[in-house]
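> Sequence and predicted structure, then a few things I'm wondering about:
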Amino acid sequence: MKWKRPLAWIAGAAVAAGIGGFVFAAAGFAPIAASSGHWAVTDWFLHFAMRRAVKTQSLGVAIPPDVSLDDRALVLRGAGHYESGCAPCHGTPTTQPSVVVRQMTPKPPHLPPHIPSWEPEHLFWIVKHGVKFTAMPAWPALHREDEVWAMVAFLRRLPDLSEAEYRALAAGDAGSGNRLRSHDDPIGAVVAESCARCHGAEGLGRGAGAFPKLAGQTEPYLLASLRAYAAGERHSGFMEPVAAMLDDAALQRLAAYYAAMPAGAAEATAAGDRALGERIATRGIPERGVPACVQCHGPKEAPRAAVYPSLAGQYADYITVQLDAFANGTRGGTPFAHIMRSIAERLEPAERGAVAAYYSALAP
């Protein structure tokens, strides 16, 4: 047949091209140097393929019904991480990526002008999964989609921010780090550079629920939590990278630093059925195997184990997020986390919110 000869030529050419490509690579001639950059056509094709892949593979992504990307607390959570984890490569509203980053191939884009070309679902997919053959990593805790949506919430705000607005969101009261840096103990610099941006120099958190209050928690609990983050046993794309960079001595000093801070005031404005929350906290739900929360988390007259956190006066939004993460199995934690996991999954969402509202209104 006439078509067989052309087909044989095509097959032969394909085999020859494959062999030629292998010989080219085996001989070490492939242009892998980052300094050589990409040809314009190569750069176009790679970006075209990436954009098409993101738009296709994000088709199943939907903004959860309980997530508002305009929620200031969600924006704050994303802002704190962007400053330390993203800005060095992607810049800020008025600063470009670092000179080292600009020598990469491909070069990470200066993000503010590019964000409007992506839908929230696209941004979610990129932040969660990363992009192969670039410096863009996947999210360190893939199952913590609540954190990924926080990043999306902030990224949507990024293009419209002035530098002052950006600093207010991303740094908060971390400027008090000048005072901390003057301390003889070098842990003050760690607090100033990494911790105060989200938790505040005084450990009271920022944004009324964006971040937890650390002040007044026991040193054993804080240290156990930091160690769990550092070991990858408590899952958070925000906290794991920070804790993993510190040695155990630094973790101990951090725990002692925040444990020594005075606890803040109660939050009496959280939505939720506080009466229901009080019943669950003080009596539990025996028919469902839910014990009373006060046995481990207080308040009660008898002493309680120092490895459990105090919940009185903690932000309701933070408690709710943690209970939800326990319930869906995405949180992890200290060696005692399995206890909370079995309890949280037996509570309805409204009940978890009620417990959070009750505890947030209690004086620490």
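Sure thing, it's come through. Numbering: from 1, shown residues only.
> and residue 98, how many neighbours?
By other C-beta atoms under 10 Å, 13 other residues sit near residue 98. For every residue, glycine as well, the C-beta is placed using N, CA and C.
> gap between it and residue 81?
18 Å (C-beta to C-beta, to the nearest Å).
> got it, and residue 290?
33 Å.
> For these two, indicate the residue with more neighbours.
Of the pair residue 290 and residue 81, residue 81 is the one with more neighbours under other C-beta under 10 Å, namely 23 against 18.
> Could you list the low-confidence segments of this protein?
Residues of the chain that meet the criterion pLDDT under 70 lie in 1-4, 173-190, 192, 207-208, 268-270.
> care to break it down by domain?
Using automatic domain parsing, the domain parsing of the chain gives 72-105+112-166, 172-259, 274-360.
> end to end, how far does the longest one reach?
Distance between the two ends of domain 72-105+112-166: 13 Å, counting by C-alpha to C-alpha, to the nearest Å.
> go on, the last one?
For domain 274-360, the first and last residues are 9 Å from each other (C-alpha to C-alpha).
> Surely residue 217 and residue 258 touch.
Yes: if you go by C-beta atoms under 8 Å, residue 217 and residue 258 touch, sitting 6.8 Å apart.
> how far is the helix or strand containing residue 221 from where the chain is centred?
Using DSSP states H and E, residue 221 sits within helix 219-230. Distance of helix 219-230 from the chain centroid (C-alpha atoms, centre = their mean, to the nearest Å) equals 17 Å.
> what does it contact?
The contact list for helix 219-230 (C-beta atoms under 8 Å, 6 or more residues apart in numbering) reads 214, 234, 236, 239-240, 242-244, 246, 248, 251-252, 254-256, 258-259, 306-309, 332-335, 337.
> Just the buried residues from the residues you listed, in ChimeraX please.
In ChimeraX, this line selects whichever of the contacts of helix 219-230 come out buried by 16 or more other C-beta atoms under 10 Å:
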select :214,234,236,239,240,242,243,246,251,252,254,255,258,259,308,309,332,333,334
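> Now go through the contacts of helix 219-230 and say which are in strands.
Among the contacts of helix 219-230, DSSP state E puts none in strands.
> Of the contacts of helix 219-230, which belong to helices?
The helices, defined by DSSP state H, take in 239-240, 242-244, 248, 251-252, 254-256, 258-259, 337 from the contacts of helix 219-230.
> I'd guessed residue 297 sits against residue 359; true?
Yes: using C-beta under 8 Å, residue 297 makes contact with residue 359 at a distance of 7.5 Å.
> out of the two, which sits in the busier spot?
Taking other C-beta under 10 Å, residue 297 and residue 359 do not tie; residue 359 has more neighbours (29 against 21).
> If you drop the residues flanking it in sequence, what lies closest to residue 149?
Leaving aside its chain neighbours, residue 149 sits nearest to residue 67 (5.2 Å; criterion: C-beta to C-beta, 6 or more residues apart in numbering).
> Now do the contacts for the one you found.
Residue 67 sits next to 74, 146, 149 when contact means C-beta under 8 Å, 6+ apart.
> gap between it and residue 20?
Residue 67 sits 51 Å away from residue 20, going by C-beta to C-beta.
> follow-up on the earlier one: let me have the domains of the chain in a markdown table, extended by distance to residue 25.
As requested, the domains of the chain are arranged in a markdown table below (distance: least, C-beta to C-beta, whole Å):
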| stretch | distance to residue 25 |
| --- | --- |
| domain 72-105+112-166 | 16 |
| domain 172-259 | 35 |
| domain 274-360 | 41 |
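> so which of those gets nearest residue 56?
domain 72-105+112-166 (9.8 Å; C-beta to C-beta).
> Would you tell me which helix is longest in the chain?
helix 4-26.
> packing partners for whichever helix or strand comes after that helix?
Later in the chain than helix 4-26, the nearest helix or strand by DSSP H and E is helix 40-57. Packed against helix 40-57 by the contact rule (3 or more C-beta pairs under 8 Å, 6 or more residues apart in numbering; DSSP states H and E) you find helix 120-129.
> Kindly calculate the angle that the helix it packs on makes with helix 40-57.
Using axes from the mean of the first three to the mean of the last three C-alpha atoms, to 10 degrees, the inter-axis angle of helix 120-129 relative to helix 40-57 is 100 degrees.
> Tell me which other helices or strands whatever helix or strand comes next after helix 120-129 touches.
Toward the C-terminus, helix 120-129 is succeeded by helix 145-157 as the next helix or strand (DSSP H and E). The helices and strands touching helix 145-157, judged by 3+ C-beta pairs under 8 Å, 6+ apart, are helix 72-81, helix 120-129, helix 316-327.
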